[in-house]
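Enquirer: Sharing a model that was predicted from the sequence below.
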Amino acid sequence: MARTAVWIVIGFLAGAVVAGAPGAYLQRRLARPHAPAAGAVVVDIPSGYGSRAIVDLLVSSDVLNGRYTALAYLYFSGQRGRLQAGEYVFDEPLDVPGVFRKLASGQVRLYTFTVPEGLRVDEMAQRWEQAGFGPGAEFRAAAEAALPAVREIDPRAVSVEGYLFPETYSFPRGATAADAVDAMLAGLRDAVARLERIAGRDDWPLDLHDTLVLASMVESEAGVADERGTIASVFHNRLDRGMRMDCDPTVIYALVQAGLYRGRLLRVDLEFDSPYNTYRYGGLPPGPISSPGFASLRAAVRPEESDYLFFVRTVGGRHAFSRTLAEHNRRVAEYRRMQ
């Protein structure tokens, strides 16, 4: 049937909606929920599809069970130009208006991308690829290209490392790495706003840049959640006394960036010459060494009050905290004997 003839028929059917018994019959068909026989059905509507092609696809997928009824509804409702492309899941009975409301609102199928706390950008890129979103190289390139946007958040940023906020994100099929990076930067802005509701920036111990750096160190050291505040207090106490941070994860980060990390930290590695090696250089490293989560950011802004200056990991991811070097050395010796 020619295109014009089809819409003449549809126009006639649409007119019947307001014309007695035929209209009542059509209304009943429109309002009758239909469930696909196969259960949940995924329908991918390509960009550029017209309303007739969309209806044909929905009918062939068993989402709709009447082509002309559906076309009549589109003609009458005025939604012909509002249907959006994308991947849709139909997993419950819907009447004809319900199906098209879903397409008009763009309720497309979403896929989750989970980024745990404490990952580096290269590790996020691996997860992006493993999740099937695209090559890890594209994620790394998108992250590097986002440095100007990062510097809008923190003018002192030396790289994107530490600024992609760890969270579970949802993206439609076809989302790009740039979409993910944009969402993660927005996540960081939201996290900073949450921190500011806890304490105004004037009350933070450090500025935003150093807060992110210290939080990344806390994230990398904390094996259990309830120690974050205490670990943060150790780093703050060391900064206040002009002591070196002596943070193993900063050395590991330096070695990873140089392609020299062997999977375990050796004593000789503590001599590696890098501004990120906090055994050789005082103060905080130039930038974050990973992406801290909100709990570590909060610990950096609101550390526990303590006079601890040292800690060593013991069992179960926990740490033993000490006030003096002599006490710390005894703790280290005790742990070595346990090992």
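Expert: Nice, I can see it. Numbering: from 1, shown residues only.

Enquirer: can you list the weak-confidence ranges in the stretch 151-300 of the chain?
Expert: Residue ranges of the stretch 151-300 of the chain with pLDDT under 70: none are present.

Enquirer: Now do the helices in it.
Expert: 177-198, 208-221, 228-241, 248-257, 294-301 (DSSP state H, counting those that start in this stretch).

Enquirer: would you turn these into JSON lines with distance to residue 142 and mean neighbour count?
Expert: All C-beta atoms are positioned from the backbone trio N, CA, C, and that covers glycine. Putting these into JSON lines (distance: least, CB to CB, whole Å; neighbours: other CB atoms under 10 Å) gives the following:
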{"stretch": "helix 177-198", "distance to residue 142": "4", "mean neighbour count": "17"}
{"stretch": "helix 208-221", "distance to residue 142": "20", "mean neighbour count": "25"}
{"stretch": "helix 228-241", "distance to residue 142": "30", "mean neighbour count": "20"}
{"stretch": "helix 248-257", "distance to residue 142": "19", "mean neighbour count": "20"}
{"stretch": "helix 294-301", "distance to residue 142": "23", "mean neighbour count": "24"}
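
Enquirer: Could you dump the ones you listed into CSV with distance to residue 165 added?
Expert: As requested, those are arranged in CSV below (distance: least, CB to CB, whole Å):
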stretch, distance to residue 165
helix 177-198, 3
helix 208-221, 10
helix 228-241, 17
helix 248-257, 18
helix 294-301, 8
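
Enquirer: Minimum distance to residue 134: which of those helices has it?
Expert: Closest to residue 134 of the helices of the stretch 151-300 of the chain is helix 177-198 (CB to CB; 5.9 Å).

Enquirer: Pull the contacting residues for residue 81.
Expert: Taking CB atoms under 8 Å, 6 or more residues apart in numbering, we find residue 81 in contact with residue 51.

Enquirer: ok, for residue 247, nearest residue in space, not its chain neighbours?
Expert: Among residues not flanking residue 247 along the chain, residue 278 sits closest, at 4.8 Å (CB to CB, 6 or more residues apart in numbering).

Enquirer: what's the distance between that neighbour and residue 213?
Expert: For residue 278, the distance to residue 213 (CB to CB, to the nearest Å) stands at 10 Å.

Enquirer: any common contacting residues for the two?
Expert: 284, 285.
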